[in-house]
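Asker: when you get a sec, could you give me coordinates for this:
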Amino acid sequence: MSRPRRRGRGGGRVAGVVLAGWLFADLLLVLALVSMADRPDPLAARPKPSKSADASAKPKPKPTGPRSVERRPEEFKVKGTDKDALTDQIGRSTKKWRGRTAALVLTFGGGRNGTVYAHRVNSLLGAGRPEMFTKKTATDDFHDLSSDASTAVVRVYFFTAPGG
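Answerer: This next block holds a predicted model:
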């Protein structure tokens, strides 16, 4: 007696399901292309402004919306232990950014007790430039073992302008 013949793996039924899946995917692709080809080009439909129209156009309104935080910090250094001297250094170092508001300040104090020194510097920021460093300014204290004691690097992340 001979053995009954066996069909290949999964039989012919699986191949039909796979083929139907590919046909469905191809059909969706064709329909998507047809629907996109039916629409006009939005950039070509806009009239191009002439130079004379630009001169008489009203100025754009100032952007509005919530502020965000700039990605790149500004940085300055302070050194010393005298409270008044540190306050003066903060005021002088931040003069070029007058009118801006700090969102976040990361201070890296030097030496083994760098976080203590950084905390002291952060506590004097408001005295050095009160309009820039408000009570809402977030600060964080770090230490940098590669720097000398009683020195700090202050990184200030400013708010952007509204809508910016």
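Asker: in this structure, where's the longest helix?
Answerer: helix 11-37 (DSSP state H).
Asker: mean confidence for stretch 29-39?
Answerer: Averaged over stretch 29-39, pLDDT sits at 73.
Asker: ugh, wrong one, stretch 112-129
Answerer: 96.
Asker: so what touches that stretch?
Answerer: Stretch 112-129 is contacted by residues 78, 83, 86-91, 94, 98, 102, 105, 107-111, 132-135, 137, 139, 141-145, 147, 149-152, 154 when judged by C-beta atoms under 8 Å, 6 or more residues apart in numbering. Using the backbone N, CA and C atoms, a C-beta is placed for each residue, glycine as well.
Asker: got it, and stretch 144-152?
Answerer: Under C-beta under 8 Å, 6+ apart, the answer for stretch 144-152 is 77-81, 107-114, 117-118, 121, 153.
Asker: go again with 10 Å.
Answerer: 76-82, 86, 89, 107-115, 117-122, 141-143, 153 (C-beta atoms under 10 Å, 6 or more residues apart in numbering).
Asker: now these: which count as buried?
Answerer: 76, 78-79, 86, 89, 107-111, 114-115, 117-122, 141, 143, 153 (16 or more other C-beta atoms under 10 Å).
Asker: so which of the residues you listed belong to helices?
Answerer: L86, Q89, G114, T115, Y117, A118, H119, R120, V121, N122.
Asker: could I get those residues as TSV with distance to L31?
Answerer: As requested, these are exported to TSV (distance: C-beta to C-beta, whole Å):
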residue	distance to L31
L86	69
Q89	68
G114	64
T115	62
Y117	67
A118	62
H119	64
R120	68
V121	64
N122	61
